[in-house]
Structures are given as structure tokens and as C-alpha cells.
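Student: My questions concern the predicted model and sequence given below.
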Amino acid sequence: MVTTAAQKPILLSGNEAVALGALAAGVRFYAGYPITPSTEIAEVLAVELPKIGGKFIQMEDEIASMGAVIGASLAGSKSLTATSGPGFSLMQEHIGYAAMAEVPCVIVDVMRGGPSTGLPTKTSQADIMQAKYGSHGDYPSFALMPNSVLECYTLTIKAFNFSEKYRVPVILLSDEVIGHMRERVVLPDPATLEIINRKAPTEPREWYRHYPDKTTGIAPMASFGEGYRYHVTGLTHEEHGFDATSQEVAKLLEKFKNKEIRNTKELTMCESFCMEDAEICIFAAGSVARSARQAVRILREKGVKAGLLRPQLVWPFPKMPVEEVYDQVRFILVPEMNVGQLRKEVERLRTNMRVKVKGLNVLNSVMITAEQVVERVLQIDFRSGSESEGGTSNG
Amino acid sequence: MADATNQTAEPVDRHSWLRGNKKFPHMWCPGCGLGTLLNTVIRVFVAKGYDKNETVVISGIGCTGRIPVYVDCNTLHTAHGRALTFATGVKLAKPNLKVIVFMGDGDAVAIGGNHFIHAARRNIDITAVVVNNSTYGMTGGQHSPTTPLGMKAPTAVTGNIDPPFDICNLAVAAGATFVARSTIFHYQQTFRLLSEALEHKGFSVLEVVSHCHTSFGRINKLGSHLDMLKQQRDHAVVFTPELDVEKARAEGKDLVIGLLKKDATRPEYCDQYEKLVIQPSQAKQNRGGV
Ligand SMILES: Cc1ncc(C[n+]2csc(CCOP(=O)(O)OP(=O)(O)O)c2C)c(N)n1
Ligand code: SF4
């Protein structure tokens, strides 16, 4: 175990915190290909993993990295890779494979400006939809968005826990600002951390079915070399891993859906800030949520009742909290560093047609500031105030 | 694990390595070389006395890619071209496992070409069996990176103009430390070379020249699977250091089979990782008094 002075304040970057979080979660295998702005994660793990007998390998590309990660996970190691946009695109076929074959693994995408090579050293939030729909076919998508160095640590652990518990690939959507930002953090005492490991099968080896249809929807998982000889495939399969009939296909896809549906309580991770009496909701995630939080403070000082809703888990999308907000506020503002990926999701859940959903979309890769958010809120508030019957108070 | 032996085993043992439930009859066309190869592979496993629990059979996608599903051990059917990447993860995570990878020629040296040369470069202890049927069998016989010049395919109706790869030369150049070629016809050679490849510590490549009579054979009028087996027999010449390859080719013997390279001196990747990465890292940590 890394003995980074736990509980003593230390100065860390977001990327370093991801690496330390992975170690705390029990990572034993890393495969990757260098890419800005994610490389520090690989560099920390290249040093730390061998110390604990773990394995680090720099592969020939990101396709290979993701393949090796899945292979190592099947052999029983908690496995990680980290990349940015172009590499994340290359990993997509294998992310779908991991979802199909139910192989736990964690993929960190430190987002940078895109599309294509884009802006390698500048930030962006434009991979949110790719984290959900990047691979072909319908599959369960899990993605976490940290907004601080400390959360890079805690949400990486969460990512491993979800991946092990639900047997899914989990994506940590960091970005250039969060990854390279240095903050003073006090890491939690390792003894207090909840670490989840995949459930091992208990039935006799000859009865073992890799994909049983238990009520939890999640099968226990044996590793290669443990005596449970089973077949793993990216083909649609029945519970032995063999090719499925059309009835079995439906059963499998249903099971994937249930991973999200049956666990909505645990899979709703959404922080509220000043939302109790809010009339305006700012919905923001990741680095942008930092500016949004500051904007809420400024607006409150001006007497504007604004609040922040911040999903830590963007996929599955926090349906309930967003639906509830529609009964409470006059409008929702979604500031984000893309053309409106989160806003469209928020709009999709609109239950109250009087509540407008507005965007603040900054595409020049310069972080959205609190002032920009404040200005946008006041602008919308002024307009909607004059449109409505003036019954609203905006200080 | 039992001693190396050339004896083929009793059928009763052989069946113990096959997955009876749900998996037979197999999906290959009658007469396809893959059935023969599966038979050979199982016989080698039995003869070697490998432990099923410690053996991992991995493949990509294609007709060749279907081999693992029939074998009763740890089996992993990956994505097209990527089998060696998954295999690298399995092997590095658990070096005690015996890892054998089956790929078609398209799988290994078209879409998976990059992984093929890099696995060879690392000299990781994996045995890669490349079934070269000169075509993309599963998708219907389109030309592949091993289709000879001038041969026809649905995607090369006037004759292929893309010069083919020599898979073994590629493996040698990329650093594989065991390289051999056989054919489906040369069953005994395949048995022997595969046994030796599996015992070799390092990246071993066995190219098995096969026939796809239903696509490649039909469009090029090469006859039945039996005719194509005879062609394998007639074109083959066993490699010896004295062999004059050009002369043999002029005599119609353009298929050089046998052991082409064996180098036991180059260190293996997982060993190197243990020796040159893990041990110094841990020693340094201990010196640091952490
Ligand atoms: C990424 C991707 N591209 C294309 C395919 C379609 N495909 C399936 S098998 C195959 C070729 C198989 O040829 P080969 O690897 O030579 O194996 P064979 O079937 O001849 O044994 C292709 C192109 C695929 N499955 N995945
Ligand atoms: S299509 Fe060709 S390679 Fe595939 S099973 Fe049939 S004969 Fe064999």
C-alpha cells in the first residue's frame, strides 16, 4: 500500500489523486498509451504498481491497452487504463466488449478539446455523450465526474466499487483542469474506505454458470486459473457463454438494463447546494461545477435564490433529482464546456413546460468563470421576469 | 505437466478436452481445415498432459476464432484482430497460465498486425497459431493480406493487386523467438511443431496453411477440399538450413514448412518484468525504509 501521509494535508494534482485512489481501491494492473492530459496517471502507477507486485504495461495503442485491461481483469486483477479523447475513441469497441462480457474495469478519460486531436492541453466536457453512447449497441453505461482533487481520489474508488459490484466498465470523466489542478487535500484514512471486490462463486465448479440469471442480475465471477472453466465472448450469449437463441438474447439485454433500473437508489449520486429554497437551478458537473458553486454564492449575495445541482454520477443520469427540480424552480441553467450535451438530457426529463432550460456553452476551451454564470443567470432572469407577470422576486 | 511425447493420445482422453454440452456439431463447413486443426490441438494438449484449469485458449473473430468455444478450459473469444492484446493482459496478470491464441490471417496480420508485431517484439510467452487460408473466410472470401497476387476474391474480381505478407518472415523480423509453418495436410508436423511451440518460453508463432474451399477455393477454381489438401502436399518443402528457396520455388515447391527460427537466448517478457521491474522497485522501496 502506498503510505502517502494519509490524513495529513498533502498537495496533489487530480491525476495523481486518481492514481492514488486506484491504488487504495486495490488496482493491480494498468495498461495504457501516453496522451496529454492524462499521462501523469500512468507515470505514478508505473512507479507504484511494481512495488506491490502489480503490473504496469505501456501498450502499442489504446485498443491494445483496453484489451489488456480486460484480459487482466479476467485473470483476477483489478484493472485500469487512462486516456483522453483520441484514445477514448479508440477504446470504444472494447468498452462495449467489457459491458457485453461483464468484465469489471475502470477507464479514466481526462477530457480535452476535440474533436480529433483538438486542443491537447486545454479543457473540455465534450466526451459526456461518448461516455454513454461511445460503443455500438445498447449497453449499461456508468460515468463519474469529479469536481476536485479529493473527488478524483474518492470517485476513482467509487468507480472500482461500481465496476466490481455490477460487473461493468466504469468511466471516470475527468478533464484537463481537474487533472492538472493542484489542491491541498486530506485523504481519507484507508481504514475508513469501503472497498468492494467482485463476488466469487461458491457453487461447485462443474455447476458454475458464468452468467446466471439471479435476482440481483449480477453473476458471481471466477477468474481464469481458479478451476472454473468457462467461455467468455463478445457474441450475444446465454448463461454458459455460448451463442444465444433469440429468447436468450432478450434475456441478456434485459439483464443489462436491470443493472441500472434495479439499483437507481445507489446509482443516483447528485449533490445539492443551496437548493432548499432555490428558484433557479444551476445544473453543472465536473470542473464547471466549481464555477457554478461560486456563482451561486455571488447570486445569493445579490439576493437571487439560486442553487446548484451537481451530478457526481452522470451515467446513469440522475433522473429523480432532476425531475423534482422541475416542480421547484423557474428555470434551469446548464453551463458546460460543450454545445449542450448535459442540457439535452435535462430537457428530456422536463415535466413542467413552464420551466425553461437554458444553456451556457463555452467552446473556446477557457474554463467557464463564476462571473459568466452569474451574468447568464441574471440575463435569463431579467428576460423571463419581464415575460411573466412579475410575480417573481429577483431582489 | 507430463513429458513431451510424439504419441497421439487415446480418443477417450481427447474427448475430455471437448465441451460436449451444446457445442457440437461444430460450425465449420464440412471439409474445412479448422476441424482437423482442432483435433490436432486437443491431441497435443492431451499428449502434453496440460492442466485444463491452467490453460487459456484465446481467439479473435473469424472462422478460426471459433476454435476456443469447443475446448474445455479457460476460453476467451475476443474482438476481431485483438486476441493478442487480451492474451497479453491475461499472461502478464497471471504468468503461470499457459496461453495459446488462435487467429485467422486477417485477424493476425491485417486488423491485428500492430498487436502481432508488438507481441513478437516483447517476446511474451504466448503461442500464436495463425491459420492462413489466404482469405477472410467468415465474411465470405474477400481478399486478405495473405491472398497471393492475381488470385480472385469478391472484392478483387479482376485479381488481387495487393502484395501478400509472409507471416513467418514478419514474425521473425518482429522478434518472435520461435517461428514455424505447417499445413493442415501435414498433420504430424503440425502436431510436433505445436508441441514444441507450446514448450518454448517466449513468443512462438505457428502458421498453419489451411484451405477455404467454399470461398477462396471456389472463386479461384481450386477444386474440393481434397484437391486443396493435395495442393498443400505438392507445394510443400521442408525447411533445412541448406534449402535453396529460390530453386525449390522454381520447381513449384513454394511452401516452406518446418521450424524456421528458434532462439532460446532472448529473455521472456514476464520474466524480465519480474526481474528488472518488480524486484528493483521493491528493493528500492525497502532501502527507502518505507
Ligand atoms: C472490427 C471488425 N471489423 C470487421 C469484422 C468482420 N469480420 C469478421 S471475421 C472477419 C475476417 C475473418 O478473416 P480471418 O481473420 O482471415 O479469419 P477466417 O475467417 O478466415 O478464419 C471480418 C472482416 C469484425 N467482426 N470486426
Ligand atoms: S468459410 Fe472457409 S474457413 Fe470458414 S468454415 Fe467454411 S471452409 Fe472453413
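Tutor: Yes, it's here. Ligands and ions are numbered 1, 2, ... in the order given.

Student: Where does the stretch 51-200 of chain B get nearest to ligand 1, residue-wise?
Tutor: The stretch 51-200 of chain B approaches ligand 1 most closely through residue B:104 (2.0 Å), counting by Cβ to the nearest ligand atom. Every residue, glycine included, has its C-beta placed from N, CA and C.

Student: all helices for the stretch 1-150 of chain B, in order.
Tutor: Residue ranges of the helices in the stretch 1-150 of chain B, as given by DSSP state H, counting those that start in this stretch, are B:11-16, B:33-48, B:83-93, B:105-106, B:113-122.

Student: Reformat these as CSV; add mean neighbour count, mean pLDDT and distance to chain A.
Tutor: What follows is the helices of the stretch 1-150 of chain B, written out as CSV (neighbours: other Cβ atoms under 10 Å in any protein chain shown; pLDDT from 0 to 100; distance: least, Cβ to the nearest Cβ, whole Å):
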stretch, mean neighbour count, mean pLDDT, distance to chain A
helix B:11-16, 13, 68, 12
helix B:33-48, 22, 96, 13
helix B:83-93, 30, 98, 3
helix B:105-106, 28, 98, 16
helix B:113-122, 22, 98, 4
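
Student: which ones are touching the residue of the stretch 51-200 of chain B closest to ligand 1?
Tutor: B:60, B:62-65, B:130-133, B:136-138, B:144 (Cβ atoms under 8 Å, 6 or more residues apart in numbering or on different chains).

Student: Against residue B:146, how distant is it?
Tutor: Residue B:104 sits 10 Å away from residue B:146, taking Cβ to Cβ, to the nearest Å as the criterion.

Student: Could you pull out the residues contacting both of those two?
Tutor: Common contacts of residue B:104 and residue B:146, defined by Cβ under 8 Å, 6+ apart, comprise residue B:132.

Student: Any chance of the helices of the stretch 1-150 of chain B in TSV with distance to residue A:27 as columns?
Tutor: Shown next, in TSV, are the helices of the stretch 1-150 of chain B (distance: least, Cβ to Cβ, whole Å):
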stretch	distance to residue A:27
helix B:11-16	38
helix B:33-48	34
helix B:83-93	12
helix B:105-106	34
helix B:113-122	22
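
Student: And those helices: which comes nearest ligand 2?
Tutor: helix B:33-48 (5.4 Å).

Student: Mind giving me the packing neighbours of the closest one?
Tutor: helix B:11-16, strand B:127-132, helix B:187-199 (3 or more Cβ pairs under 8 Å, 6 or more residues apart in numbering or on different chains; DSSP states H and E).

Student: Need the CA coordinates for it. CSV is fine.
Tutor: Written as CSV, here are the backbone C-alpha positions of helix B:33-48 (Å, rounded to 0.1, in the frame of the first residue of the first chain):
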residue,chain,number,x,y,z
GLY,B,33,-9.2,-27.4,-42.3
LEU,B,34,-10.2,-26.0,-38.9
GLY,B,35,-11.8,-29.2,-37.7
THR,B,36,-8.6,-31.1,-38.4
LEU,B,37,-6.6,-28.4,-36.6
LEU,B,38,-8.9,-28.5,-33.5
ASN,B,39,-8.4,-32.3,-33.5
THR,B,40,-4.6,-31.8,-33.6
VAL,B,41,-4.6,-29.1,-30.9
ILE,B,42,-6.6,-31.3,-28.5
ARG,B,43,-4.3,-34.2,-29.1
VAL,B,44,-1.3,-32.0,-28.3
PHE,B,45,-2.9,-30.8,-25.1
VAL,B,46,-3.6,-34.4,-24.1
ALA,B,47,-0.2,-35.6,-25.0
LYS,B,48,1.4,-32.8,-23.1
